[in-house]
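pasting the sequence and the predicted coordinates here, then a few questions.
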Amino acid sequence: NAGVMQNPRHLVRRRGQEARLRCSPMKGHSHVYWYRQLPEEGLKFMVYLQKENIIDESGMPKERFSAEFPKEGPSILRIQQVVRGDSAAYFCASSPRRAQETQYFGPGTRLLVL
Amino acid sequence: AQKVTQAQTEISVVEKEDVTLDCVYETRDTTYYLFWYKQPPSGELVFLIRRNSFDEQNEISGRYSWNFQKSTSSFNFTITASQVVDSAVYFCALPSYNTDKLIFGTGTRLQVFP
């Protein structure tokens, strides 16, 4: 009964490169959430997806960031042309359905932009 | 607007002491859930509890207990007989109004010394 899987756990990119973060939800979970944690801060919501649909992207920066959750395969958070300010821990969470169900978090991806 | 306040930035105790972490929230919802998560030094987020606003009974799980007071909008977390392994950052969270995204407090860093 695997939990939420995220890879890679650590990612180093140079400014201007692309970062792709993957998230596989828990078995039976069809709702995926992405959060960002800047150093020494709490978590901030970025985007909420169901299979093939973006439900809420109100926390996602308008430029350079995109997310998807295809019918098959993991959810992907993509950051284009990374800048130093993108350095953070990115957490994915999943839940079985809506209505304020518990969100179970993955181990996070630590992104470092040089 | 939804808001979670964890006024204690950092708490240090000696092993076996009891410690209470405070959480105060604001919400427009009439029914809602509240959550606590633990983030140990290894960095992952561990779910601790989900509490329905209908149920004001205190909850106990081993050395952990939670005191929910709707009248004061507080959901405090007590660790009895603390242990070094309890050292972590603890986050209180609340779903945003009429959505499923979680609003996190800024966290309380607990250090338990031997």
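Happy to help now that I have it. Numbering: from 1, shown residues only, chains lettered A, B, ... in the order given.

get me the contact residues on chain B for chain A.
Contact residues (Cβ under 8 Å from any Cβ of the partner chain) of chain B with chain A: B:32-33, B:35, B:37, B:43-47, B:50, B:91, B:95-96, B:99-107. C-beta coordinates here come from the backbone N, C-alpha and C atoms, glycine included.

narrow the residues you listed to those that are buried.
Those of those that meet the buried threshold are B:32-33, B:35, B:37, B:44-45, B:91, B:95-96, B:99-107, by 16 or more other Cβ atoms under 10 Å in any protein chain shown.

show me where chain A has strands.
Applying DSSP state E to chain A gives strands spanning A:5-7, A:10-13, A:19-24, A:31-37, A:43-50, A:53-56, A:65-68, A:75-79, A:88-95, A:104-105, A:109-113.

which one of the ones you listed lies closest to residue B:26?
Relative to residue B:26, the nearest member of the strands of chain A by Cβ to Cβ is strand A:43-50, separated by 16.8 Å.

return the residues of chain A in contact with chain B.
Within chain A, the positions near chain B by Cβ under 8 Å from any Cβ are A:31, A:33, A:35, A:41-45, A:48, A:56, A:58-59, A:89, A:91, A:93, A:95, A:98-108, A:110.

now, of those residues, which are buried?
For the residues of chain A next to chain B, a burial check counting by 16+ other Cβ under 10 Å picks out A:31, A:33, A:35, A:42-43, A:45, A:48, A:56, A:59, A:89, A:91, A:93, A:95, A:100-101, A:103-108, A:110.

need the contact list for the residue nearest the centre of chain A.
Central residue of chain A (Cα atoms, centre = their mean): residue A:34, 3.7 Å from the mean position. Residues in contact with residue A:34, defined by Cβ atoms under 8 Å, 6 or more residues apart in numbering or on different chains, are A:23, A:45-49, A:67, A:75, A:77, A:90-93.

for residue B:33, list each beta-bridge partner.
residue B:52 (DSSP bridges).

so residue A:70 touches residue A:50, yeah?
No: if you go by Cβ atoms under 8 Å, residue A:70 and residue A:50 don't touch, sitting 11.3 Å apart.

of these two, who's got more company?
residue A:50 (14 against 11; other Cβ atoms under 10 Å in any protein chain shown).

and the more buried one, what pLDDT?
For residue A:50, the pLDDT comes out at 92.

what sits against the closest residue to residue A:3 other than its chain neighbours?
Distances taken as Cβ to Cβ, 6 or more residues apart in numbering or on different chains put residue A:26 closest to residue A:3, at 5.9 Å, once the chain neighbours are dropped. Residue A:26 is in contact with A:1, A:2, A:3, A:4, A:94, A:104, counting by Cβ under 8 Å, 6+ apart.

go with 6 Å
Taking Cβ atoms under 6 Å, 6 or more residues apart in numbering or on different chains, we find residue A:26 in contact with A:3, A:4, A:94, A:104.

gap between it and chain B?
Residue A:26 sits 11 Å away from chain B, going by Cβ to the nearest Cβ, to the nearest Å.

is residue B:1 in a helix, a strand, or coil?
coil (DSSP: H, G, I helix; E, B strand; the rest coil).

compute the distance from the centre of the helix or strand hosting residue B:89 to the centre of its chain.
Using DSSP states H and E, residue B:89 sits within strand B:88-95. Taking Cα atoms, centre = their mean, to the nearest Å, one finds strand B:88-95 lying 5 Å from the centre of the chain it belongs to.
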